[in-house]
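Peer 1: Attaching a predicted model along with its sequence, questions to come.
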Amino acid sequence: MEKRLIKKETLAGIVGELAGKMRVCAPMKAEDQVLFRILEAGEKPLVDFANTKNAPKNFLFPRTETLLKFTRTGKGMVRAGEPEEGEKTLLFGVRPCDARSFTLLDMLFDQEKYKDPYYIDKRAKTTIVAIACVHPPYTTCFCTSVGGSPVDSVGVDLLLTDLGNEYLAEFLTPKGEELLAAFGGSPAGAEAEKAKEGIAARAAGEIASHIPAHEIKPILDTHFEDPFWNTLHQKCLACGTCTYLCPTCHCFDISDEVKRDDGIRIRNWDSCMFPMFTKETSGHNPRSSQKERWRQRVMHKFRYYPDNFNAIACVGCGRCVMACPVNLDIRKIVTDIAKI
Amino acid sequence: MTDKESAKEWEPKIVAIVCNWCTYAGADLAGISRIQYPPNVRIIRVPCTGRINPFYILRALQEGADGVLVSGCHPGECHYITGNLTARRKFAALKSFLGYIGLEGDRTLFTWVSASEGDRFAQVIRGVTDAVRALGPARKLVKRM
Amino acid sequence: MENVEKKLREEAKGLLAEKKVDVVVGYEKGTLPLTATPCFITTPEEADRLVWNPFCVLNLAKFVHDLLDQHHEAQKRVKPEARRKKVVGVVARGCTSRSLVIQLQEKQYGKDEIVILGVPCGGYLDGKKLAALAGGEEVREGALSEGKIVVKTVSGERQAALKDLLADNCLVCHFNQPVIADIQTGEVAPVAEAEKEYDPVTAFENLPPEARWAYFEKEMAKCIRCTACRNVCPSCYCRICFAEQSQPRWVDIGADASDTQLFQLMRMYHMVGRCVDCGSCTAVCPMGVDLRKFLKKLDKDAFEMFGHRAGVSLEEPAPLGAYRETDGEEFIFEPKAGG
Ligand code: SF4
Ligand code: SF4
Ligand code: SF4
Ligand code: SF4
Ligand code: SF4
């Protein structure tokens, strides 16, 4: 693995320059929020920010994507071309928790039994450049409780750690190494290595939220029916904000859109929080109230994902905690479940 | 579609949603009386203007209509007594709202034509077609797919 | 405010102890600094969790409607002789009480199914203004004392007067007292600058149409269609919203901008004379869409065209369900004679 030191003030420029050569998605100021978006050539991304409001999953698993096109002919509907292939993409400025979320999505979309070509295509063409959290940006961050850490390199191709005047750049994968020329810099020595270790320990120590995420699986296994679920959901608006902003939530719905003779089949985000999510054509809804929906959300993240893939489907980014309009706080919920 | 057509070839497409009892009959009378009016309107007949979901109007615009005309019985002459009076409020609010977001006023037009006003029907269609033609092809709220 | 809170807890305790209500919908302290969150109190002991302060953002009428609606549905599956009434107590400020009035007018439940605990309101803290005060950094700690908000962020402490951080709708609210209440818990709160209510709408109306369209397009492009705005709105209670109907399918969910524009236009249009400007939809939007800019126009039109103020009187029906023979006709198209 190649390690380099990159002068701090040059980083944004390097990425801006790359934006002229390939598709670069990076955190940018959007009015009063920080959101990922595609950079124009030469445009410099934010390098000093907390985290983005939206998760970067949109670039691998878009809110809506075309699966196929069709058109009406004299002989009925025929396919009218395939969707565009994904472009080579640099996803810059991802936090370690979000980078980890991609490995969780991989488990689902790229498994032995089932391979999702749309996701896999984009994933293969995307290089992830992460910026380690030298200081955890939020008090709601709890990556260390779910198997991550503020300087985690899981799912990362190139990890940048702010050492003060320079970034330590770790080119972790072949995809990352393709960026060597563009990032330049000078070789990093043992000293940088040591500095990083210090940062890692301190940053993990600065994490303010701790939840017993690994303890609740056995409880969930035996408490599908429990009075706990009866009141948990009461204030939930079923708005789906939590799942739309979550880096690991991945439920979708497929529908057709038609205008005159032309149509597309699209895949869209869906959410277990929506009443319509499980509604059947007959009108019956097996998850008839928000109680069942909330239970599903918790079960999916902390029981079914561990069952299926041996991993918790939460990376501790805290987005849902901060954005839920009624303050349904997953940290508190997990903590309460542990007390059942 | 309209994007590809040059301005010269472009002919406005107007959806007219009209009530069965007055305006549709008025249109019929215009036809029987052989009064000429532009061929740019596609008429959709509904029982009453009170039955028109404002969504019809928006959907017509989204599907690419360059203008939408709604016409029913004159106030006081509604077949269902007050259908057009509640409709009047709905349309007033809708038109004002669409104007507020910056949609051209003449994209959505509302009027009254009675069963005996074949002449007026033709005048309305001429007037509406001219108004919409002056605006050019619709670009706002149109689905691009 | 402390006195109101004290009175509120006592009243809620009393109602629950005497079994006059099954549940009190109110606010409790949130898990994040300077927040309060809806809560459902069912025993007198829990009533001490209730709070009333400028962090109480959401309009609670939504929850009242949903609780009663669910109850009515559940009762349908119960033998007539076993059916029981459920009574919901609700902490209501001005806008919440107006939403309750709308729901009562629209016969969503009976007056005997709710008990309104009225609270005086001086406005709530606006999330965006607070975020701006914190310079976009996380608010790690916060406090309110003597009309001043102090926040601590990673880079230090900042402060501002509460009134500079109140939500825009609160700054121009006419209803610092509930319009109906069964129990009043406090005295008149400071009066807002109600006469400026429509100033921003008028200013927007005076922009050129292309500028208005550009703004509408830009705001709608931010929307991710999570539907939080609709779900929080006490006037949006359709069991199946048009946005989810499939026969006919009114709006698509895909990437085309026009679908989101139509979704929002229709959602908002359904609010003519039914929007109480509680600001909940704008407050919950995760993408910061400026919904109020458009909703306030509908409010202004309902007032100017039809003389209607949403939810102020039980007698006055929603304007689009009514008519006057003298309603304006200025918008009616008149062709030139001979044209
Ligand atoms: S949870 Fe917070 S500290 Fe941990 S990696 Fe994500 S942003 Fe960084
Ligand atoms: S559940 Fe919440 S904290 Fe966990 S990954 Fe999703 S948004 Fe982040
Ligand atoms: S964000 Fe909060 S209110 Fe919305 S669905 Fe999620 S938990 Fe419910
Ligand atoms: S539209 Fe928004 S401001 Fe109006 S009543 Fe509904 S939630 Fe409140
Ligand atoms: S809450 Fe905001 S993002 Fe969600 S649907 Fe409403 S406007 Fe769109």
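Peer 2: Structure received. Numbers count the residues shown, from 1 in each chain, chains lettered A, B, ... in the order given. Ligands and ions are numbered 1, 2, ... in the order given.

Peer 1: CA only for contacts and neighbour counts going forward, please
Peer 2: Will do.

Peer 1: Is C:Ala181 within a helix or a strand, and which one?
Peer 2: In this assignment (DSSP states H and E), C:Ala181 forms part of neither any helix nor any strand.

Peer 1: So what are the structural domains in chain A, by residue number?
Peer 2: Chain A resolves into domains spanning A:2-206, A:216-338 when parsed by automatic domain parsing.

Peer 1: what would those domains look like in CSV with mean pLDDT, mean neighbour count and distance to B:Arg59?
Peer 2: Shown next, in CSV, are the domains of chain A (pLDDT from 0 to 100; neighbours: other CA atoms under 10 Å in any protein chain shown; distance: least, CA to CA, whole Å):
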stretch, mean pLDDT, mean neighbour count, distance to B:Arg59
domain A:2-206, 95, 18, 21
domain A:216-338, 95, 18, 12
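
Peer 1: Which residue does chain B have closest to chain C?
Peer 2: In chain B, the residue that lies nearest chain C is B:Gly102 (4.3 Å; CA to the nearest CA).

Peer 1: To chain C, which of the domains of chain A lies closest?
Peer 2: domain A:216-338 (4.3 Å).

Peer 1: Report whether the closest one contacts ligand 5.
Peer 2: No - Domain A:216-338 does not reach ligand 5 (CA under 6 Å from any ligand atom); its nearest approach is 7.2 Å.

Peer 1: in which helix or strand would I find A:Arg297?
Peer 2: A:Arg297 is part of helix A:290-299, with elements assigned from DSSP H and E.

Peer 1: contact partners of that helix?
Peer 2: A:220, A:224, A:229-234, A:236, A:238, A:272-275, A:287 (CA atoms under 8 Å, 6 or more residues apart in numbering or on different chains).

Peer 1: B:Arg144: what's it in contact with?
Peer 2: C:Asp256.

Peer 1: and the stretch 1-150 of chain A, which residues reach chain C?
Peer 2: Applying CA under 8 Å from any CA of the partner chain, one finds that the stretch 1-150 of chain A approaches chain C through A:Asp32, A:Gln33, A:Ala50, A:Thr64, A:Glu65, A:Pro137, A:Tyr138, A:Thr139.

Peer 1: These: which two are farthest apart?
Peer 2: Greatest spacing in the residues of the stretch 1-150 of chain A next to chain C, by CA to CA: A:Glu65 and A:Thr139 (34.3 Å).

Peer 1: will you turn the residues of the stretch 1-150 of chain A next to chain C into TSV that also has secondary structure and distance to B:Met145?
Peer 2: TSV is the format used below for the residues of the stretch 1-150 of chain A next to chain C (DSSP: H, G, I helix; E, B strand; the rest coil; distance: CA to CA, whole Å):
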residue	secondary structure	distance to B:Met145
A:Asp32	coil	31
A:Gln33	strand	30
A:Ala50	coil	37
A:Thr64	strand	14
A:Glu65	strand	13
A:Pro137	coil	41
A:Tyr138	coil	41
A:Thr139	coil	44
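
Peer 1: Going by distance to ligand 5, which of the residues you listed wins?
Peer 2: A:Gln33 (13.1 Å; CA to the nearest ligand atom).

Peer 1: residues contacting the closest residue in space to the closest one that isn't next to it in sequence?
Peer 2: Closest residue to A:Gln33 apart from its sequence neighbours, by CA to CA, 6 or more residues apart in numbering or on different chains: A:Lys53 at 6.8 Å. Taking CA under 8 Å, 6+ apart as the criterion, A:Lys53 is in contact with A:Gln33, A:Val34, A:Leu35, A:Leu245, A:Arg319.

Peer 1: what do you get if the cut-off is 7 Å, keeping everything else the same?
Peer 2: A:Gln33, A:Val34, A:Leu35 (CA atoms under 7 Å, 6 or more residues apart in numbering or on different chains).

Peer 1: Stretch C:36-43 close to ligand 3?
Peer 2: No - using CA under 6 Å from any ligand atom, stretch C:36-43 stays clear of ligand 3, coming no nearer than 10.6 Å.

Peer 1: Report how many residues lie close to B:Asn40.
Peer 2: 17 (other CA atoms under 10 Å in any protein chain shown).

Peer 1: neighbours around the residue in chain B that ligand 4 sits nearest to, how many?
Peer 2: Chain B approaches ligand 4 most closely through B:Phe97 (14.6 Å), counting by CA to the nearest ligand atom. By other CA under 10 Å, the residues close to B:Phe97 number 21.

Peer 1: What does it show for phi and psi?
Peer 2: phi -70, psi -40 (degrees, to the nearest 10).

Peer 1: Could you report the pLDDT at it?
Peer 2: Listed pLDDT for B:Phe97 reads 98.

Peer 1: Tell me the spacing between it and C:Asp327.
Peer 2: 17 Å (CA to CA, to the nearest Å).

Peer 1: who touches the closest residue to A:Lys57 other than its chain neighbours in this structure?
Peer 2: In space, A:Lys57 comes closest to A:Pro247 once its chain neighbours are excluded; the distance is 5.8 Å by CA to CA, 6+ apart. For A:Pro247, the contact set (CA under 7 Å, 6+ apart) comprises A:Ala55, A:Pro56, A:Lys57, A:Asp98, A:Ser101.

Peer 1: Which of the three states applies to the fourth one?
Peer 2: Put plainly, it is A:Asp98. For A:Asp98, the assignment made with DSSP: H, G, I helix; E, B strand; the rest coil gives helix.

Peer 1: what's the closest non-adjacent residue to it?
Peer 2: Take A:Asp98 and drop its neighbours on the chain: the residue closest to it by CA to CA, 6+ apart is A:Pro247, 6.2 Å away.

Peer 1: Buried ones in stretch C:323-339, by neighbour count?
Peer 2: Within stretch C:323-339, the residues scored as buried using 16 or more other CA atoms under 10 Å in any protein chain shown are C:Tyr323, C:Phe331, C:Ile332, C:Phe333, C:Glu334, C:Pro335.
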